[in-house]
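Chemist: The amino acid sequence is not available; the structure is as follows:
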């Protein structure tokens, strides 16, 4: 059984859940008959349960009962290499659902997706892609099709369209810097891969290999 947002349950439900985990028995609402269940429990939360235990919001005994094997899933902004695959999957899903032949993203739209911080994680990404598909009028999602929150976040800092300009952010790795330069080249050429490769003095074969390495095939 999967219980989502376990950190949101109130104190009375915590007591009942603790009892069930200890005895593996329960009564249905409106019934006095005791039933048993043999199951494995998986619980998920985006809350800091350690902090909630310290403040008394979450029961310590239930916390340790649940914490047999703990898995931490990094937030979307911590694993942006997954975003292109997720975005394309959601695009295919909502294109079929809305009977619209949307096949990809323009360079500026893709750059906004990669630059956004995604406080709502994968759920927010899914909603953003659905929003874009509904509004899209062509065969590619453009920046104007994306939700206002993404466009506003992207407009706070002016984009440098010169792909050869030195990347000065000292928090970028070499791989990240290369990826950003390729994105800038694609944006400057409106997604034209041949022109982007020429601007970067790359052969088309090398450029396509770089696109694959950086998960940028969706441009």
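Modeler: On my side now, so go ahead. Predicted, not measured: the structure shown is a model, and the values here were computed from it. Numbers count the residues shown, from 1 in each chain.

Chemist: Please count neighbours and contacts with C-alpha atoms only from this point.
Modeler: Fine.

Chemist: what about the strands in the protein?
Modeler: 2-3, 25-27, 34-36, 42-43, 104-105, 140-141 (DSSP state E).

Chemist: possible to save those strands as CSV with mean neighbour count and distance to residue 57?
Modeler: Putting the strands of the chain into CSV (neighbours: other Cα atoms under 10 Å; distance: least, Cα to Cα, whole Å) gives the following:
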stretch, mean neighbour count, distance to residue 57
strand 2-3, 10, 18
strand 25-27, 14, 24
strand 34-36, 10, 28
strand 42-43, 14, 17
strand 104-105, 22, 44
strand 140-141, 24, 43
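
Chemist: So for residue 88, which of those sits nearest?
Modeler: strand 104-105 (7.2 Å; Cα to Cα).

Chemist: Give the other helices and strands that the helix or strand of the chain with the lowest mean pLDDT contacts.
Modeler: Least confident helix or strand of the chain, by mean pLDDT, DSSP states H and E, is helix 174-188 with a mean of 78. Judged by 3 or more Cα pairs under 8 Å, 6 or more residues apart in numbering; DSSP states H and E, helix 174-188 is in contact with helix 107-115, helix 193-199.

Chemist: can you give me the angle it makes with helix 107-115?
Modeler: With axes from the mean of the first three to the mean of the last three Cα atoms, to 10 degrees applied, the angle from helix 174-188 to helix 107-115 works out at 150 degrees.

Chemist: Next, the residue of the chain most remote from its centre: phi, psi?
Modeler: Most distant residue from the mean C-alpha position of the chain: residue 32, 44.4 Å away (Cα atoms, centre = their mean). Main-chain dihedrals, residue 32, degrees, to the nearest 10: phi -100, psi 0.

Chemist: So, low pLDDT: which residues of this protein?
Modeler: Counting by pLDDT under 70, the ranges of the chain that qualify are 154-174, 219.

Chemist: Mind doing that once more with 80?
Modeler: 154-178, 190, 201, 217-219 (pLDDT under 80).

Chemist: for it, what spans make up the helices?
Modeler: Listed in chain order, the helices found in the chain under DSSP state H are 11-23, 49-55, 60-66, 83-97, 107-115, 121-135, 148-155, 174-188, 193-199, 204-213.

Chemist: Residue 74 is nearest to which of the ones you listed?
Modeler: Ranking the helices of the chain by proximity to residue 74 (Cα to Cα) places helix 121-135 first, at 9.5 Å.

Chemist: If anything else comes up later, I'll come back, but that's it for now.
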